[in-house]
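test case, fold it:
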Amino acid sequence: MRFHIAFLTSLIYCLTASVASAQVLNNKNSLPEIGVVAANTLSLDEEVAIGNIFYSQLRGQAGVLQDPVVNQYIQSLGNEMVIHAQNTKFPFTFFVINNSAINAMAFYGGHVGIHTGLVYHADTEAELAAVIGHEIAHVTQRHIVRKKQAMEKTSPLQVASMIGGALLMMASPQAGLASIYAGQAGMIQNAINHTRTHEREADRIGMKILAEAGFDPFAAASFFSKMLEQSRWGSIPPAFLLTHPLSQERVAEARNRAENLPSQNRPSSMMFHLVKARIHARYMYSAQASLAYFTNASIAKDWPDYAWQYGLALAYMGVEKYAEAQRILEQLLLTAPENFAYLDAMTDTYIGLSQVPKAIQLLAPINQKIPNNPVITLNLANSYIENKEWDKATELLKDFLMVHNKSLLGFSLISDAYARSQSRLNMHQNKAEMYALMAIYPKAIDELQFAYNFAESYLLKQRIRARITQFRESQERMQKLAGS
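Sure, this is the predicted structure:
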């Protein structure tokens, strides 16, 4: 699956331009007027709709990470970068893919995905921010839409083969690859010139965003140089180089641009180090390997002390040594009693120790102070479920989902709470919404049909019928947009 995710990114961001290569070779340095070209190809509403489809399918079939601590950090950092971008036409969604490859992606409608491997390998927050700024620039310049416009100058069958293959691969990787290769054999190399033009534009705009956000603009060149160095020592280049073609010339250009941008010295934040430790401890290695790493005293010097201690606590939790984790986390919480990463870990530790009331006592006051925060509310709801206080869990989650109506974890938890309390109607309705968020409409419709059997009032039955109709219309719209 990791290979297919990286290949899909490459397809979306590289191969779809191949049929336009002849026009690009004639004038490599010209850039079309963004508004005119994009508007003639896809409206903003259509772009957002297609982006939502891609994102839903990624959530349903790829390793999109459901980790509220990591997600909250990446969304926060991304939002901070977007403030300094121009041509932002829609809200951005930043998400994380649980994949060890060093890679990132951007696609229709303000969707930016970051791989866990990229965070793991970023030496500083500025390097991570440099990649995010680069991907934001791809979105604001509507590069995907401009490529689509170029594609429409050639055979509709070739266009259908590429886009259809991409979507098919999301559902069935082997079939999707066969479709792509059938339609794209011999055309991949021709896409590179067009892609390089967009990459340079994203470099220029992304570095400006990076500097205006207060980060060191040289971090972009540092990250690019690191990728090139890795490619020299391995037979397979890092995924980032496959989806973002890179050369020594481009690294030099990045350094030259940095010379002309304001010099910044913003240090890496505490949450950057904590999230990096979390990814290292939970997602990159086995539980035993993570514990061996964080119990090796010689590596402590490579981390800020709090991040190393946090990683060690998570590693203990991974092998169910909750008492050891508790001792570490209690000390960390004394220094930062409302730190989301610490609170999340302590909650899981209390649950592991069968001390769930302590988790509720820890989180409830903070939830009152900061209502509907994903880390706090979801942990508190989970604690209520573990404590068999299902009514409290469902009430908490109903309020949360009114604000965060696209939270898969939220719908999963409320479905679980309703299931445990034997509320079959509500369980099936919320499972339906969860499947709909992943664009798995047949299963969503099945869940609503189960819910219909438990509905007693005529009005509720009508509402369920109406929602089934909406899901069917969404499925038809998805199929139509997938071919646009």
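
where are the low-confidence patches of the protein?
Applying pLDDT under 70 to the chain picks out residues 1-42, 62, 142-196, 231-237, 239, 242-243, 245-246, 481-484.

next, name the residue at the spatial heart of it.
Phe95 (1.8 Å; Cα atoms, centre = their mean).

list the helices and strands the helix or strand Gly78 falls within packs on?
Gly78 is part of helix 68-82 when elements are defined by DSSP states H and E. Judged by 3 or more Cβ pairs under 8 Å, 6 or more residues apart in numbering; DSSP states H and E, the packing partners of helix 68-82 are strand 93-97, helix 125-140, helix 270-282, helix 340-352, helix 374-386. C-beta coordinates here come from the backbone N, C-alpha and C atoms, glycine included.

what angle do the helix or strand just after the last one and helix 374-386 make?
Counting by DSSP H and E, the element after helix 374-386 in chain order, helix or strand, is helix 390-403. Angular relation of helix 390-403 and helix 374-386 on a 0 to 180 degree scale: 150 degrees, by axes from the mean of the first three to the mean of the last three Cα atoms, to 10 degrees.

what's the next helix or strand after helix 390-403 packed up against?
Note on helix 390-403: by DSSP H and E, the next helix or strand toward the C-terminus is helix 408-420. Contacts defined by 3+ Cβ pairs under 8 Å, 6+ apart place helix 408-420 against helix 374-386, helix 390-403, helix 424-437.

among those, which is nearest Gly110?
helix 424-437 (17.1 Å; Cβ to Cβ).

between helix 408-420 and that closest one, find me the angle.
Put simply, helix 424-437 runs at 160 degrees to helix 408-420, going by the same axes, to 10 degrees.

what's whichever helix or strand comes after helix 424-437 packed up against?
Next along the chain after helix 424-437, taking DSSP H and E as the criterion, comes helix 441-454. Counting contacts by 3+ Cβ pairs under 8 Å, 6+ apart, helix 441-454 is packed against helix 424-437, helix 458-482.

distance to Ser225 and mean neighbour count added to those, as TSV?
Formatted as TSV, the helices and strands packed on helix 441-454 follow (distance: least, Cβ to Cβ, whole Å; neighbours: other Cβ atoms under 10 Å):
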stretch	distance to Ser225	mean neighbour count
helix 424-437	39	22
helix 458-482	39	15
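
would CSV of those helices with distance to Ile376 be doable?
Putting these into CSV (distance: least, Cβ to Cβ, whole Å) gives the following:
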stretch, distance to Ile376
helix 424-437, 21
helix 458-482, 30
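
mind checking which of those helices is nearest Arg250?
helix 458-482 (33.2 Å).

pull stretch 293-306 out as PDB, backbone CA atoms only.
Extracted C-alpha coordinates of stretch 293-306, given in PDB (Å, rounded to 0.1, in the frame of the first residue of the first chain):
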ATOM      1  CA  TYR A 293      15.700   3.200  21.200                       C
ATOM      2  CA  PHE A 294      14.300   5.500  23.900                       C
ATOM      3  CA  THR A 295      15.900   3.500  26.700                       C
ATOM      4  CA  ASN A 296      19.300   3.900  25.100                       C
ATOM      5  CA  ALA A 297      20.800   6.800  27.300                       C
ATOM      6  CA  SER A 298      23.300   7.700  24.600                       C
ATOM      7  CA  ILE A 299      20.500   9.000  22.300                       C
ATOM      8  CA  ALA A 300      19.000  11.400  24.900                       C
ATOM      9  CA  LYS A 301      21.400  14.100  23.800                       C
ATOM     10  CA  ASP A 302      19.800  14.100  20.300                       C
ATOM     11  CA  TRP A 303      16.500  15.300  21.800                       C
ATOM     12  CA  PRO A 304      15.300  18.100  24.100                       C
ATOM     13  CA  ASP A 305      14.900  16.400  27.400                       C
ATOM     14  CA  TYR A 306      11.100  16.700  27.500                       C
END
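
related to what we said a few turns ago, save the helices and strands packed on helix 408-420 as a markdown table, and put in distance to Ala325 too.
Formatted as a markdown table, these follow (distance: least, Cβ to Cβ, whole Å):
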| stretch | distance to Ala325 |
| --- | --- |
| helix 374-386 | 15 |
| helix 390-403 | 24 |
| helix 424-437 | 30 |
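
can you pull the phi/psi pair for His115?
His115 adopts backbone torsions of phi -80, psi 150, taken as degrees, to the nearest 10.

for it, name its beta-bridge partners.
Under DSSP bridges, the beta-bridge partners of His115 are Ile97.

offset the numbering so it begins at 296, please.
I'll keep to 296 as the first residue from here, and by that count the last item is His410.

just confirm Ala636 contacts Lys571, I think it does.
No - here Ala636 lies out of contact with Lys571, judged by Cβ atoms under 8 Å, at a distance of 10.9 Å.

out of the helices and strands packed on helix 363-377, which gets nearest to Pro557?
Judged by Cβ to Cβ, the one of these that comes nearest to Pro557 is helix 420-435, at 13.3 Å.

helices or strands up against the closest one?
Under the contact definition 3+ Cβ pairs under 8 Å, 6+ apart, helix 420-435 sits against helix 363-377, strand 399-402, strand 406-410, helix 411-416, helix 487-507, helix 513-528.

mind exporting that helix as PDB, just the C-alpha atoms?
Extracted in PDB, the C-alpha atoms of helix 420-435 (Å, rounded to 0.1, in the frame of the first residue of the first chain):
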ATOM      1  CA  GLU A 420      10.400  22.700  12.200                       C
ATOM      2  CA  ALA A 421      11.600  25.100   9.500                       C
ATOM      3  CA  GLU A 422      12.300  22.100   7.200                       C
ATOM      4  CA  LEU A 423       8.800  20.700   7.800                       C
ATOM      5  CA  ALA A 424       7.300  24.200   7.300                       C
ATOM      6  CA  ALA A 425       9.300  24.600   4.000                       C
ATOM      7  CA  VAL A 426       7.600  21.500   2.600                       C
ATOM      8  CA  ILE A 427       4.200  22.700   3.800                       C
ATOM      9  CA  GLY A 428       4.700  26.100   2.200                       C
ATOM     10  CA  HIS A 429       5.800  24.400  -1.100                       C
ATOM     11  CA  GLU A 430       2.600  22.400  -1.100                       C
ATOM     12  CA  ILE A 431       0.400  25.400  -0.200                       C
ATOM     13  CA  ALA A 432       1.900  27.100  -3.300                       C
ATOM     14  CA  HIS A 433       0.900  24.200  -5.500                       C
ATOM     15  CA  VAL A 434      -2.700  24.700  -4.300                       C
ATOM     16  CA  THR A 435      -2.900  28.500  -4.500                       C
END
